[in-house]
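Q: how does the following fold in three dimensions:
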Amino acid sequence: MLEPENKQGIVYLIGAGPGDPGLLTLRGRELLAQADVVVYDRLVHPAVLDYARPEALRVFVGKASARHTLTQEEINALLIRHAQEGKRVARLKGGDPFVFGRGGEEAEACRTAGVPFVVVPGITSAIAAPAYAGIPVTHRDAASSFCVITGHEREDGKESGRRAAGQAEGRRDWARLAHAADTLIFLMGVEALPEIVARLQEHGREPETPIALVQWGTWPQQRVVSGTLADIVERVREAGLRPPAVCVVGEVVRLRGRLQWFDDPRRQPLFGKRIVVTRAREQASGLVDMLRTRGAEVLEYPTIRIEKLKDMTELDGALQSLERYAWMVVTSVNTVPVIAERLEALERDARAFAMTKVAAIGPATASILREKLGIRADFVPTEAVAEALIDQWPDREMRGKRVFLPRAREAREMLPERLRAMGAIVDVIPVYETVAMEQPETLLEDLRAGNIDAITFTASSTVKNLMQALAIGSAESNLGAYLKGVCLAAIGPVTGQTLKEYGFEPTIVAEEHTMAGLVKALESYFAKRGKGDG
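A: Prediction:
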């Protein structure tokens, strides 16, 4: 693999895929994480940029028809300039860089300038958008070939969006294209749809030939308009469908009726729902991924940030004398990385827990214990709440036994009090704190406009901080109006109770107090609403 030497720069031409951030390749993600500069298009999902280093320079060069942030020549010069300064440049392009993505032109410019480059293919929207619409581009019973065609051309020396309609159509041999393959796929063809439809019929495609346009394919806002060559222009006009969209022509379009999956609310009740995640960004990835996989549009507004405490003296003392403790109780996933870091600093490992049993609240906490510390929890209650841990506590003779309880600086006292009532000696040692984050004004604007379907709360702290951030004190009545009709989803009864204390009845309290349980509850809620039961 070509890598920069002696601080020589390099350009990574990375296909970011069609939109769904889960479709970015592993190689693309790896190189993006190494980049000093990220140059990206408008069809790159914002979540893909999260894989870049926080300090990396981000440069938007998005293009829409007739509206260009930079010309192609200016983009080429930008890539070359940064690379010649010794930087690693990630050029993120929607879909695949070599499928109508100008990647070939950018590679040529790099070669001419003596700048090394690497090409990372991406999943093209030509295949992915139809697939997410339930349309396979080939099928044994319907199509044995497909052809990918650009929906618009460029006039020599000009950007495609600057040409007059029809000026470059002479480049296409429509007589050949109309029958080039069983399935024809046009990219960037919405504005040229009337001409595409007319030319295909003029050269022998039957008026009743099925056709579909997939707008924002693989994104939560995906829309599909289907019809025939005879009526599709009018259907698209009535639907108000605009670019970006992929156009699919051929018998395979009929399969959508049987294979629709991503944008089918019967199978994907969260499709297109705008769901707010208030969980700390350090913890949110699992929940965000589960929601996006189910077609939801996730809006991340972390209300808290997890910060490790500066003074680790008390924690270090406990970890150096673990043999004193009969039990360590871990109540949150946030605790484990701090313990792992301090064990490493103290040159200790999982063997230090040989004489100490470990209890974990929730399967996620138990999982990270195995991942970070190599420790399998001796006890995990059936419900991820402290009450269940006490009610199901396996050691009924706790008199005189010492318990190590690392946790957040601010937490409920119920757990240590109940353990002490059982006769245990409990050492409560704060290891991290949750810091409130200011909420962007856009969240309140979305609420005012009625653009939010659900807000998820994964801890009492997320409720408290969101309410404070939305200035509930002076605008309580307004906030109540804004939240009317919004599904307020709590991960468990404790979080639900906190919502009640602020005057809001939780719409959902997950039966299984985990991220997966919360998502399952949201799916059930919106599935019922879709049937008119909500």
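
Q: for the rest of this, base every contact and every neighbour count on C-alpha atoms.
A: Will do.

Q: number of residues surrounding the residue lying closest to residue 381 once chain neighbours are set aside?
A: Leaving aside its sequence neighbours, residue 381 sits nearest to residue 389 (CA to CA, 6 or more residues apart in numbering; 5.2 Å). By the measure other CA atoms under 10 Å, the count of residues near residue 389 is 22.

Q: check which helix or strand residue 389 maps to.
A: Taking DSSP states H and E as the criterion, residue 389 maps to helix 386-391.

Q: ok, longest helix in this structure?
A: For the chain, the longest helix by residue count, based on DSSP state H, is helix 515-530.

Q: gap between residue 89 and residue 83?
A: 6 Å (CA to CA, to the nearest Å).

Q: so where's the stretch 101-250 of the chain shaky on pLDDT?
A: Along the stretch 101-250 of the chain, the parts satisfying pLDDT under 70 run over 153-171.

Q: the helices in it, which residues?
A: All helices of the stretch 101-250 of the chain, identified by DSSP state H, counting those that start in this stretch, fall at 103-113, 125-132, 174-177, 193-202, 232-239.

Q: residue 299: which of the ones you listed is closest?
A: helix 125-132 (21.5 Å; CA to CA).

Q: quick one: distance of the closest one to the chain centre.
A: 19 Å (CA atoms, centre = their mean, to the nearest Å).

Q: now do it: everything it contacts.
A: With CA atoms under 8 Å, 6 or more residues apart in numbering as the test, helix 125-132 has contacts from 17-18, 95, 136-137, 148, 185-187, 214, 216-218, 246, 248, 260-263.

Q: kindly report the same for stretch 254-274.
A: With CA under 8 Å, 6+ apart as the criterion, stretch 254-274 contacts 132-136, 210, 218, 220-223, 291, 294-299, 451-454, 522-524, 526-527, 530.

Q: and those residues, which are buried?
A: Buried members of these, counted by 16 or more other CA atoms under 10 Å: 132-136, 210, 218, 220-223, 291, 294-298, 452-454, 522-523, 526-527.

Q: okay, and which of those residues map to strands?
A: Those of these mapping onto strands are 210, 223, 297-298, 454, per DSSP state E.

Q: biggest separation within those, which pair?
A: By the measure CA to CA, 210 and 454 form the most distant pair in those, at 37.0 Å.

Q: picking up where we left off before, OK, contacts around the residue nearest to residue 381?
A: 361, 380-381, 383.

Q: need those in JSON lines with pLDDT and distance to residue 122, can you?
A: Listed next are those as JSON lines, based on pLDDT from 0 to 100; distance: CA to CA, whole Å:
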{"residue": "361", "pLDDT": "92", "distance to residue 122": "41"}
{"residue": "380", "pLDDT": "94", "distance to residue 122": "42"}
{"residue": "381", "pLDDT": "93", "distance to residue 122": "44"}
{"residue": "383", "pLDDT": "85", "distance to residue 122": "42"}
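
Q: what's the closest of the residues you listed to residue 205?
A: Of all these, the one with the least separation from residue 205 (CA to CA) is residue 383, at 61.1 Å.

Q: circling back: now, of the contacts of helix 125-132, which are buried?
A: 17-18, 95, 136-137, 148, 185-187, 214, 216-218, 246, 248, 260-263.

Q: let me know the next secondary structure element after the lowest-mean-pLDDT helix or strand in the chain.
A: Every helix and strand in the chain was compared by mean pLDDT, DSSP states H and E; the lowest is strand 67-68, with a mean of 56. Using DSSP H and E, the helix or strand that follows strand 67-68 in sequence is helix 72-84.

Q: and the helices of the stretch 101-250 of the chain, which is most packed in?
A: helix 125-132 (a mean of 24; mean count of other CA atoms under 10 Å).

Q: I'd say residue 401 and residue 325 touch.
A: Yes: Residue 401 lies in contact with residue 325 (CA atoms under 8 Å); the separation is 7.2 Å.

Q: for those two, indicate the residue with more neighbours.
A: Neighbour totals were compared for residue 401 and residue 325, and residue 325 leads with 21 against 17 (other CA under 10 Å).

Q: residues in contact with that one?
A: 355-356, 401-404.

Q: was I right about residue 390 contacting residue 415?
A: Yes: Residue 390 lies in contact with residue 415 (CA under 8 Å); the separation is 7.3 Å.

Q: so between those two, which is more surrounded?
A: Comparing residue 390 with residue 415 by other CA under 10 Å, the one with more neighbours is residue 415, at 19 against 16.

Q: could I get the CA-only coordinates of the host helix or strand of that one as CSV?
A: For residue 415, the host element (DSSP H and E) is helix 414-421. Extracted in CSV, the C-alpha atoms of helix 414-421 (Å, rounded to 0.1, in the frame of the first residue of the first chain):
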residue,chain,number,x,y,z
MET,A,414,-30.1,3.8,47.6
LEU,A,415,-27.5,1.1,46.7
PRO,A,416,-24.8,1.8,49.3
GLU,A,417,-27.5,2.4,52.0
ARG,A,418,-29.2,-1.0,51.2
LEU,A,419,-25.8,-2.8,51.2
ARG,A,420,-24.9,-1.2,54.6
ALA,A,421,-28.3,-2.3,55.9
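
Q: tell me which residues of it come out buried.
A: Judged by neighbour count (16+ other CA under 10 Å), helix 414-421 contains these buried residues: 415-416, 419-420.

Q: circling back: distance to residue 279 for the helices of the stretch 101-250 of the chain - can I get that in a markdown table?
A: A markdown table is the format used below for the helices of the stretch 101-250 of the chain (distance: least, CA to CA, whole Å):
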| stretch | distance to residue 279 |
| --- | --- |
| helix 103-113 | 38 |
| helix 125-132 | 29 |
| helix 174-177 | 51 |
| helix 193-202 | 44 |
| helix 232-239 | 36 |
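
Q: list the buried residues of stretch 391-399.
A: For stretch 391-399, burial by neighbour count (16+ other CA under 10 Å) applies to residue 398.

Q: can you list contacts of it?
A: 379, 381, 422-424.

Q: which of the residues you listed count as buried?
A: Here, 16+ other CA under 10 Å leaves 379, 381, 422, 424 buried among the contacts of stretch 391-399.

Q: most widely separated two among those residues?
A: 381 and 424, at 18.9 Å, using CA to CA across the buried ones among the contacts of stretch 391-399.

Q: and residue 404, what helix or strand is that in?
A: Counting by DSSP H and E, residue 404 is part of strand 402-408.

Q: direction included, what does that strand pair against?
A: According to DSSP bridges, strand 402-408 forms sheet pairs with strand 327-330 (parallel), strand 425-436 (parallel).

Q: relative to helix 414-421, how tilted is that strand?
A: 170 degrees (axes from the mean of the first three to the mean of the last three CA atoms, to 10 degrees).

Q: any idea what the nearest residue to residue 60 once chain neighbours are set aside is bridged to?
A: What sits nearest to residue 60 in space, not counting adjacent residues and going by CA to CA, 6+ apart, is residue 40, at 5.3 Å. Taking DSSP bridges as the rule, residue 40 bridges to residue 60, residue 92.

Q: in stretch 349-366, what's buried?
A: 353, 356-363, 365-366.

Q: tell me how many other residues surround residue 271.
A: So residue 271, with other CA under 10 Å, has 26 neighbours.

Q: list the contacts for the residue lying closest to it once chain neighbours are set aside?
A: Once flanking residues are discounted, residue 271 sits nearest to residue 295: 4.1 Å by CA to CA, 6+ apart. Shown in contact with residue 295 (CA under 8 Å, 6+ apart): 219-220, 262-263, 268, 270-273.

Q: which secondary structure elements does the helix or strand containing residue 338 contact?
A: According to DSSP H and E, residue 338 maps onto helix 335-345. Packing partners of helix 335-345 (3 or more CA pairs under 8 Å, 6 or more residues apart in numbering; DSSP states H and E): helix 363-373, strand 402-408, strand 425-436.

Q: any idea how far residue 322 is from the closest residue to residue 349 other than its chain neighbours?
A: Of all residues not flanking residue 349 in the chain, residue 343 sits nearest, at 6.1 Å (CA to CA, 6+ apart). Distance, residue 343 to residue 322, using CA to CA: 11 Å.
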